[in-house]
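**Q** Give me the fold of what follows.
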Amino acid sequence: MGRLVILAGGISSRMKKPVSSEIQLDENLINDAEQKSKSMIRVGEGEKPFLNYLLINAKKAGYNEIVIVVNEKDNSIVNYYSLKQNLCDFEELEISFAIQPIPEGREKPMGTADALYHALLVKPQWNGKKFTMCNSDNLYSVTALKLLLKSPYPNSMIDYDRDGLEFEKERIEKFAVTKKDPENFLTDIIEKPSAEEIDYIKTKDGYVGVSMNIFRFDYDMILPLLEITPINQIRNEKEIPTAVRMMIDKYPNSLFTYRLSEPVPDLSSKIDILKVKEFLQNKFDITT
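**A** Predicted coordinates for the structure are as follows:
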């Protein structure tokens, strides 16, 4: 059985920022960007939301049990995917939801590690099993999702060659960089690498690998660490990379990296919307 957790509990603060008048977006897309979860922006044919395409790829890759994490103030995802007429492209999927609370005194949830923690709390039957997790605002390929589903390792991740992502240089330089041992097991995730660290990694590995937050985890190994993941003092959130570092410190050689070089459509801000629409129109294969 293929199990997948999709993180969709963020408040999309970057997406809500104003955009240059040179970016021509129709009023419906602007309203979606400012009022809905990023994954619910209607960028697809027939005004289908972005998340539909990730679910289609998940189905193709062999997943059938999906948990979508939403924050307690956003009903758009639950309302949409609770209606049978909106599930025609992936009726085979068993979709459920986990609510990520917003603690008192905060305006947004506690981050990705906290989101995953709440997802696993509603799936105690996954004890002793493995699952994949990913963002809701990235469109991961069938290849990437299938690699993790079929992985024989306790934990694994997609290690994207950053030269293949087709993002602007200034965006790519903000991505977390991976460090691996000679057998391709993760040894660290560096969130703000120096130029010297980048040069060293490229010379050693032949490419610069980055994390796009798609992992496969052993339920029993990651859950206790998610519960005690400390808050990142800069971003004031509990983050997946922190939990991953804790795990590989406790269990060395436990997270294998799969190198992959391909674009990953991303909805971070309004400027991405037209690029994603074009990708879906010209490059997304809807067939099974």
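**Q** use CA for all of it now, contacts and neighbours both
**A** Fine.
**Q** give me the low-pLDDT residue ranges for the stretch 151-288 of the chain?
**A** The stretch 151-288 of the chain contains residues with pLDDT under 70 at 286-288.
**Q** Kindly recompute the last result at 80.
**A** 285-288 (pLDDT under 80).
**Q** In contact with the nearest residue to Ser141 once chain neighbours are set aside, which residues?
**A** Once flanking residues are discounted, Ser141 sits nearest to Asn57: 6.4 Å by Cα to Cα, 6 or more residues apart in numbering. Applying Cα atoms under 8 Å, 6 or more residues apart in numbering to Asn57 gives the contacts Tyr140, Ser141, Val142, Leu145.
**Q** The first one in helix, strand or coil?
**A** When you say that, I think you mean Tyr140. Look at Tyr140: counting by DSSP: H, G, I helix; E, B strand; the rest coil, its state is coil.
**Q** Number the residues from 289 up from this point.
**A** With 289 as the first residue, the last one maps to Tyr428.
**Q** From what I see, it and Val552 are in contact.
**A** Yes. With contact defined as Cα atoms under 8 Å, Tyr428 counts as touching Val552 (5.9 Å).
**Q** quick revisit: identify, from the contacts of Asn345, the entry nearest to Arg533.
**A** Nearest to Arg533 among the contacts of Asn345: Leu433, at 22.1 Å, using Cα to Cα.
**Q** how near is the one residue sitting closest to the centre of the chain to Phe503?
**A** Central residue of the chain (Cα atoms, centre = their mean): Asn423, 1.8 Å from the mean position. Separation of Asn423 from Phe503 (Cα to Cα, to the nearest Å): 10 Å.
**Q** my guess is Gly334 is in a strand, correct?
**A** No. Applying three-state DSSP, one finds Gly334 to be helix, outside a strand.
**Q** quick one: contacts for it?
**A** Gly334 touches nothing, counting by Cα under 8 Å, 6+ apart.
**Q** and the closest residue to the residue nearest to the centre of the chain other than its chain neighbours, what are its bridge partners?
**A** Residue nearest to Asn423 in three dimensions, not counting chain neighbours: Leu295, with 4.9 Å by Cα to Cα, 6+ apart. Counting by DSSP bridges, Leu295 forms beta bridges with Val357, Asn423.
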